[in-house]
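*Asks:* Sequence and predicted structure, then a few things I'm wondering about:
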Amino acid sequence: EEGGGGRDGRLEDEERRGEERRGRGGAWSDPTCRLRVQPVQRSSALLSPAVMFSSRKTWDIGHAPCLQELWKTDISLDAGSVDFLMSDGEDESSFLSLPSAPFSQRRSLTAELSDANSQKLLIQTLQDKVCDFQARLRSEEVARHLLVQQLQHSVQPKAGGGVQAQQEEPRSAAPNGVKLLQPSEPWRTFSCAEEKQLVKQLHSQVKELEEKLLDQTQEVERLRSELGATDLEKQLERLLVENRRLKQELKSCRCSELQKVDAAETCSRCPHSQEAEGLRREVSRWESQARLVALEKELLEKSSRVEVLQRQLEDSRRQADEWRSRQVEAEQKLRLCLQEREEGLVRQETAPPRVQTVEVDSAGSQKDLADMQTQNGALQEQLCAQRLRLQELETQLHESQRTSTQLRTQILVYEGEMERAQGQLEAEMQNLEEEKNRVIEEAFIRAESEMKAVHENLAGVRLNLLSLQPALRTLTSDYNCLKRQVQDFPFMLDRAITEAKQEICQVIGEVSSANQELLRKYRREMNLRKKCHNELVRLKGNIRVFCRVRPVSQEEQDSADAKTLLSFDSEDDAVLYLSNKGKTMTFELDKIFPPQATQEEVFQEVQSLVTSCIDGFNVCIFAYGQTGSGKTYTMEGVEGDPGINQRALRLLFDEVTEKAPDWDYRITVSLVEIYNETLRDLLRENPTDKLDIKMNPDGSGQLYVPGLTERTVQSPEDINRVFELGHANRATACTNLNEHSSRSHALLIITVSGFNGATGTRTQGRLNLVDLAGSERIGKSGAEGSRLREAQCINKSLSALGDVISALRGKHAHVPFRNSRLTYLLQDSLSGDSKTLMMVQVSPLPGNMSESVCSLKFAQRVRSVELSSSSSTSRRHENSSTSSSPTHDSVELDSPPVTPVPLPISRASSAGSTLSSTSRTPSSSRRRSQSQLAADRQVDSGGPVVGDGGQDD
Ligand SMILES: Nc1ncnc2c1ncn2[C@@H]1O[C@H](COP(=O)(O)OP(=O)(O)OP(=O)(O)O)[C@@H](O)[C@H]1O
């Protein structure tokens, strides 16, 4: 207002100066100085799309552009266009529940919204839209009203009292002190001051209007942000959220009902299910009732909300009617103004212009006049533009009228839709009410029956409780007792564990001592067993003689000479009868194997001798007999049916393995052949090399065979390899193996060395398995050359063996071991406590009878010899000692007999054997049977066969 006042002041100054100029120069005389007063040009802001409202609360600038576009493009407002308007061309989702389909489809879509929530939402949306349309209508009406007012302001001076009144009171007609120069004012001449003042007034008016427009635009923005469509959208959003929540609640209610039904089915068999089911049903009944109450409350709220909205709708409708009537009035006024203005214009055109002549006093006045004339032209142009604008406004008015008509129609349609939806909602509510009542009744009946069942169950439970009380008391007392025991249990457990530990330690000590005692007893028993065994062997005789009669072969059976002269005692397996030249000879040996005896049966009888080798005894097993009597068969056997050699080694392996935990044994094997008194090693690479028996250079007086190969064997496979090698070497050494083998002695020397780690005891025994050469007396048959020499050598060695045994038997001071390589080599195995087995092989054929008789006599003679047990003590050495040895008793009690390592062929043992033969104890004397004595006598009378070869010792 200050600014306005300032401007007014300036205008007054200008008027005053103009008056002065007029006073000085008189009236305006120049026609060029005539001034046409033109209507005030509207601010460009008023022509902008923005619409101003008279009231602050009715600003709605956001939707105006859309309507103006419609007006410009002349789009008819059908249902689709209404939707487009409603969505404001920006976001259709702002009207979520309203389908964007044409209006013709809306009915069917609405009909599809069957449930109450959807209908409620639809009603709400429709109401919102109605409000929205009403607001838009209001805003349009306000805009039109404003335009009309503006027009009225423009034409007011003329319509109010004509140019005269304006001339009389130019300042009072303008609001806010601004003098409005109306375009309809008739042409008149003004003084320069008046013109200048008029121009200033026009400028100030324009500025004022622009400021107002700016303020109102800002106000519009503010109101739009505060109110506008956002409230409606928020409300709509809230309602949508509420609708969604209600839907989910309904769904969860249905699901819970279904789950309850399922649970009731599954638990129907449970004994406690009835009670639980009753309680659950009661809870669900209460829940459903609570839910129904909540729904009812919600429904009431919704209903009240609908009523409020309906009231708002009524109000808005009434306001719309009022606005409509006011618009009609404004239109009428506008028409009247226009009419008057047109008439004024017509009058102006028809009336002759009054031209006042103004004398130009000065060049400045003339210039002002020219400016005024220019300004007058501009005002004329503004007048034309104003007219055009008036026409446009009229067009817009018509359009807005048409739009309002269409909107009204749309409102009516929506109202009808809303009424129908409301009717459906009411019907739905009615149905829901009925459903609710029915459900409540059913729930009540169900609850009653369930309550009854619950009461019955409760009575049963009470009874059970009464019966359970004594048991509970008992259990409580037991529990307390157990609790006390559990509390004491750790102490008891500790005590028991301590006692148990002590007992266990004590028992372990006792067991350990008992174990030691048992071990001691076991050793003593073992020694006793060995002692008994040795005693038994001694009683049986250290030299044992078996006889094996070979069967008659198929070829021999076919010959006429197959009739056997040998017969056996069925009751005594030690007696053999031989019929020769009409008289029967009886031979009694330790064991006689008939032809049908198997290799296994033969080995059963010799295996005790084999095992004594492990205990440190020297054992010698001879196979004696004529060629073809079965010596090799008995010792080596055939493939698939091994003889004593392989079986002995296997047995030794088994025994050694059995004693393995305490004893560590080593078994070595040597294969030696004696042919023509020549010693050869069958396991060395060059078996033809001759071996010699020499005195040990260490001065111990023992004999040994330098270069004799000793192969360690650990398995039957090793044995097989050794035998194969020996057999191959024996074959390379001769052209005819069979011939050669019958003329040579084959010795398998097995040495078993043992060491007891616990006691430090060492043992060594030797098992000599000898396949002797044929014992037939070839020399007497007139053989010559090499055969004679072979026969002589065989006879010599066999005679030497007989002499040795005879000397042992006769307890001679001197035993001629050195008369042959065989006896020399086997000196240790034949003397002392060594054990000797002579397996005499006999052919049953009559043609071999004389040889059989010789062999049997030799066997009889050998059997009568006994080695002295006392002499054995000198042969034993303990822990690798040489000649000094413990007494026989001490060895037997504490440890197995021990022989020195390595095993020498000792001369001292020879002396020992001599000593032993002289110091034989009476207890070791052998009781012989009468038949044996008879045989001895018979042999003595017949003369020994052994001596036939002659002795060179
Ligand atoms: N108990 C037996 N059962 C079956 N066959 C046997 C028996 N004893 C010997 N024979 C067979 O008799 C034959 C001669 O035996 P073997 O070669 O063992 O006699 P030998 O006394 O070793 O002869 P040599 O002194 O010439 O070596 C062989 O064919 C052998 O198979």
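*Replies:* Thanks, I have the structure now. From a predicted model like this one, the values you see are computed outputs, not experimental measurements.
*Asks:* Could you use CA atoms for every contact and neighbour count after this?
*Replies:* Noted.
*Asks:* what's the following helix or strand after the helix or strand where residue 828 lies?
*Replies:* Using DSSP states H and E, residue 828 sits within helix 827-830. Using DSSP H and E, the next helix or strand after helix 827-830 towards the C-terminus is strand 835-842.
*Asks:* Provide the contact partners of that following strand at residue level.
*Replies:* With contact meaning C-alpha atoms under 8 Å, 6 or more residues apart in numbering, strand 835-842 is reached by 542-550, 609, 617-626, 629-631, 829-830, 852, 855-856, 859, 862.
*Asks:* Next: stretch 653-662.
*Replies:* 611, 614, 663-665, 714-715, 756-758.
*Asks:* Go again with 6 Å.
*Replies:* By C-alpha atoms under 6 Å, 6 or more residues apart in numbering, the surrounding residues in contact with stretch 653-662 are residue 756.
*Asks:* buried set for that stretch?
*Replies:* 653, 656 (16 or more other C-alpha atoms under 10 Å).
*Asks:* Show me where the stretch 201-350 of the chain has its helices.
*Replies:* 228-266, 273-350 (DSSP state H, counting those that start in this stretch).
*Asks:* Filter the contacts of strand 835-842 down to the buried ones.
*Replies:* Buried, going by 16+ other C-alpha under 10 Å: 542-550, 609, 617-626, 629-631, 829-830, 852, 855-856, 859, 862, out of those.
*Asks:* Just the residues you listed: which are in strands?
*Replies:* Within the buried ones among the contacts of strand 835-842, residues falling in strands by DSSP state E are 543-549, 618-625.
*Asks:* Just give me the least confident of those residues.
*Replies:* Least confident of those in the model: residue 543, at 79.
*Asks:* any idea how far the ligand is from it?
*Replies:* To the ligand, residue 543 is 21 Å away according to C-alpha to the nearest ligand atom, to the nearest Å.
*Asks:* before we move on, what about residue 552?
*Replies:* 8 Å.
*Asks:* element containing that residue?
*Replies:* Going by DSSP H and E, residue 552 is not part of any helix or strand.
*Asks:* likewise residue 451?
*Replies:* helix 363-540.
*Asks:* angle of that helix against strand 543-549?
*Replies:* 100 degrees (axes from the mean of the first three to the mean of the last three C-alpha atoms, to 10 degrees).
*Asks:* Tell me which other helices or strands helix 363-540 touches.
*Replies:* helix 116-168, helix 273-350, helix 888-894 (3 or more C-alpha pairs under 6 Å, 6 or more residues apart in numbering; DSSP states H and E).
*Asks:* Now the weakest link among those, please, by mean pLDDT.
*Replies:* Looking at these, the bottom one is helix 888-894 with a mean of 28.
*Asks:* And the residue of the stretch 351-500 of the chain that's closest to the ligand?
*Replies:* Per C-alpha to the nearest ligand atom, residue 500 is where the stretch 351-500 of the chain lies closest to the ligand, at 65.9 Å.
*Asks:* my bad, should have said the stretch 801-950 of the chain
*Replies:* residue 841 (7.1 Å).
*Asks:* again with the stretch 101-250 of the chain
*Replies:* residue 248 (107.1 Å).
*Asks:* Count residues in the vicinity of that residue, would you?
*Replies:* 12 (other C-alpha atoms under 10 Å).
*Asks:* which residues does the spatially closest residue to residue 834 that is not a sequence neighbour contact?
*Replies:* Nearest residue to residue 834 in three dimensions, chain neighbours excluded: residue 618, at 4.9 Å (C-alpha to C-alpha, 6 or more residues apart in numbering). Residue 618 is in contact with 765-767, 829, 834, counting by C-alpha under 6 Å, 6+ apart.
*Asks:* One more: residue 302?
*Replies:* Per C-alpha under 6 Å, 6+ apart, neighbours of residue 302: none.
*Asks:* cool, residue 545 as well?
*Replies:* 589-590, 837-839, 863.
*Asks:* let's go with 10 Å and repeat that
*Replies:* Counting by C-alpha atoms under 10 Å, 6 or more residues apart in numbering, residue 545 touches 574, 588-592, 621-622, 836-840, 856, 858-864.
*Asks:* For it, list each beta-bridge partner.
*Replies:* residue 838 (DSSP bridges).
*Asks:* Thanks again, I'm all set now.
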